[in-house]
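S.K.: using only what follows, build the 3D model:
(one chain, ligands or ions: 1)
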Amino acid sequence: MVQDIVAEASNGHAAAANGHANGNGHANGNGKAAPAYGFSTRAIHVGSEPDEGTQAVIPAISLSTTYKQDGVGGIKAYEYSRSANPNRDGFERALASLEGGKHGLAFASGSATTATILASLAPGSHVLSVNDVYGGTYRYFTKVASTMQNVVTDFAELGGEREEVEATLKSKLTAQTKLVWLETPTNPTLRLIDIRLVAEVVKAVAPQAALVVDSTFLSPWYQNPLALGADIVVHSITKYINGHSDVVMGAAVTNDEAWAQKLRFLQNSIGAVPSAFDSWLALRGLKTLPLRLRAHGESALAVAEHLAQHPAVAEVIYPGLPSHPSHALARTQVAPRAAPKADSGAFAYGGMVSFRLRSNPKDERPAKAFLKKLRVFTLAESLGGVESLIELPSLMTHASVSDEDREKLGVEHNLVRVSVGLEDIEDLIADLDHGLEGLQLA
Ligand SMILES: *Cc1c(COP(=O)(O)O)cnc(C)c1O
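M.R.: All right, here's what the predicted structure looks like:
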């Protein structure tokens with residue numbers, strides 16, 4: 001079985017090499033997904049084929065910047081490491097396989113992925129984005145693309161009932177709209193957007209526009225946007241996919257040949273590429289993605305259910321809880337492998353939980369006092385690592401958002417965001433209880 005995965009993956013590799021030798025930036029790169037094998041099998045084997053020379057089971061880290069040619073123009077698999085590198089190729093093929101995509105492209109960060117996609121747009125292009133998009137993406141749209149590139153982004157509420165979403169899209173999409181950009185769940189209030197619905201309306205109203213979904217918060221274990229109609233899925237690999245808080249990296253996956261060629265060309269031209277070592281680490285992290293994400297989800301659900309019972313907590317936001325306004329959508333949008341068996345009740349839906357303390361939203365002191373008492377949770381930005389992280393968005397990740405906008409988004413001083421890690425659940429719950437004990441909530 002492993003041999004077949006290897007064969008399939010190395011076909012892709014040969015295609016990459018050919019494309020490369022033909023000088024078209026190996027637009028056909030990355031091989032194809034191997035849907036016949038299960039998710040975990042692909043996570044472990046695609047991109048990690050044993051080395052044909054040394055027989056090493058784990059690929060070596062190829063630090064060489066350049067590759068010997070057999071005569072002028074006699075390029076074998078690789079030429080120059082910015083254009084393509086064996087470790088980056090391996091990671092790209094593995095991630096593409098997990099997203100059900102043909103083409104994976106890795107970048108130096110999630111933000112470099114965004115920048116490279118935006119760089120493909122001609123001046124005068126229009127972008128429509130979900131309103132509470134990731135802060136760095138918002139900054140790029142509003143402070144870089146608009147001023148330097150004359151690419152203007154409109155922000156819109158893309159959640160809610162079908163009629164509302166349709167009406168919003170119809171009023172905001174124009175003939176110049178080249179990208180529709182969304183995140184689901186959003187950060188930090190974990191609202192959900194219906195990817196199928198947005199894809200359907202965009203295809204009907206603005207067929208020239210590509211739908212990009214930033215799926216960082218769920219990872220390919222819980223969500224596969226390409227299967228729901230998205231044209232491109234992007235990830236900050238820094239989060240769940242690498243999963244160990246020790247690599248900054250990003251990636252895009254697509255089935256669209258034209259987009260794949262464009263992005264492959266820009267990946268090489270702009271050169272915001274990850275190092276061989278980071279690619280190697282990220283591929284190592286990706287092998288345990290299924291195990292980690294199942295455990296993140298189970299623990300997040302346990303934390304959410306526990307906090308929902310706690311007298312110091314006013315509200316818990318977790319799409320896997322029936323109390324979440326988009327719980328039904330979570331059920332239909334979650335990848336089949338992670339879908340709950342029963343028809344009703346709570347289920348694991350990612351590792352992120354947000355909650356509101358029963359305190360004055362304008363007063364930051366109760367939340368600060370709570371965070372100070374924690375011993376297992378680390379107070380830090382970012383998410384998706386094996387260790388549990390906790391933060392106060394109003395003064396940390398979302399500190400640059402105006403008070404007025406924060407209020408509109410529901411990001412006030414009593415809202416806490418948790419990235420539930422893989423420590424013993426008893427220790428996590430005891431730590432939260434200890435933090436909440438005796439809080440002055442008034
Ligand atoms: C972290 C993050 C990014 C940016 O990724 P970097 O790797 O930090 O550049 C983009 N989108 C989301 C949803 C993120 O959480």
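S.K.: low-confidence stretches in this structure?
M.R.: 1-35, 442 (pLDDT under 70).
S.K.: domain ranges for the protein?
M.R.: Per automatic domain parsing, the domain ranges recorded for the chain read 2-45, 86-286, 289-436.
S.K.: right, and those domains - which one's nearest the ligand?
M.R.: domain 86-286 (2.2 Å; C-beta to the nearest ligand atom). Quick note: C-beta positions are derived from backbone N, CA and C, even for glycine.
S.K.: right, so the domains of the chain: which one is the most enclosed?
M.R.: Most buried of those by mean neighbour count (mean count of other C-beta atoms under 10 Å) is domain 86-286; its value is a mean of 21.
S.K.: do me a favour and get the end-to-end distance for that one?
M.R.: Domain 86-286 stretches 16 Å from its first residue to its last (C-alpha to C-alpha, to the nearest Å).
S.K.: same question, stretch 100-109
M.R.: 21 Å.
S.K.: can that stretch be said to contact the ligand?
M.R.: Yes: applying C-beta under 6 Å from any ligand atom, one finds stretch 100-109 touching the ligand at residue 109.
S.K.: of the domains of the chain, which is nearest residue 56?
M.R.: Between residue 56 and the domains of the chain, the tightest spacing by C-beta to C-beta is seen for domain 86-286, at 12.0 Å.
S.K.: hey, what's the nearest residue to residue 182 once chain neighbours are set aside bridged with?
M.R.: Nearest non-adjacent residue to residue 182, counting by C-beta to C-beta, 6 or more residues apart in numbering: residue 130, 4.3 Å away. Per DSSP bridges, the residues bridged to residue 130 are residue 156.
S.K.: got a list of what residue 130 touches?
M.R.: Each residue near residue 130 by C-beta atoms under 8 Å, 6 or more residues apart in numbering is listed here: 155-159, 181-184, 186, 193.
S.K.: export those residues to TSV and tack on distance to the ligand?
M.R.: As requested, the contacts of residue 130 are exported to TSV (distance: C-beta to the nearest ligand atom, whole Å):
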residue	distance to the ligand
155	15
156	18
157	18
158	15
159	16
181	10
182	11
183	6
184	10
186	9
193	13
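S.K.: that older thread, distance to residue 51 for the domains of the chain - can I get that in a markdown table?
M.R.: Formatted as a markdown table, those follow (distance: least, C-beta to C-beta, whole Å):
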| stretch | distance to residue 51 |
| --- | --- |
| domain 2-45 | 11 |
| domain 86-286 | 9 |
| domain 289-436 | 23 |
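S.K.: closest one to residue 57 among the ones you listed?
M.R.: domain 2-45 (10.1 Å).
S.K.: please, where are all the strands along the stretch 101-250 of the chain?
M.R.: 103-107, 126-130, 152-156, 177-183, 210-214, 232-236, 250-254 (DSSP state E, counting those that start in this stretch).
S.K.: flag every residue of the stretch 1-150 of the chain that's near the ligand.
M.R.: So the stretch 1-150 of the chain meets the ligand at 109-111, 134, 136-137 (C-beta under 6 Å from any ligand atom).
S.K.: which one of those residues sits closest to residue 226?
M.R.: Distance to residue 226, by C-beta to C-beta, is smallest for residue 110 among those, at 17.7 Å.
S.K.: wait, what's in contact with the closest one?
M.R.: By C-beta under 8 Å, 6+ apart, residue 110 lies in contact with 134, 136, 214, 216, 234-239, 249-250.
S.K.: again with residue 214
M.R.: The contact partners of residue 214, taken as C-beta under 8 Å, 6+ apart, are 110, 133-134, 137, 181-183, 233-236.
S.K.: who's it bridged to?
M.R.: Where residue 214 sits in a bridge, its partners, by DSSP bridges, are residue 183, residue 234.
S.K.: quick one on the thing from earlier: now the two most distant members of the contacts of residue 110.
M.R.: Across the contacts of residue 110, no pair lies farther apart than 134 and 249, at 15.4 Å, counting by C-beta to C-beta.
S.K.: before we move on, back to that, separation between the residue nearest to residue 182 and residue 283?
M.R.: Distance of residue 130 to residue 283, computed by C-beta to C-beta, to the nearest Å: 30 Å.
S.K.: how about residue 324?
M.R.: For residue 324, the distance to residue 283 - C-beta to C-beta - is 34 Å.
S.K.: show me where the stretch 251-400 of the chain has its strands.
M.R.: With DSSP E, counting those that start in this stretch as the criterion, the stretch 251-400 of the chain has strands spanning 313-317, 352-357, 378-379, 389-391.
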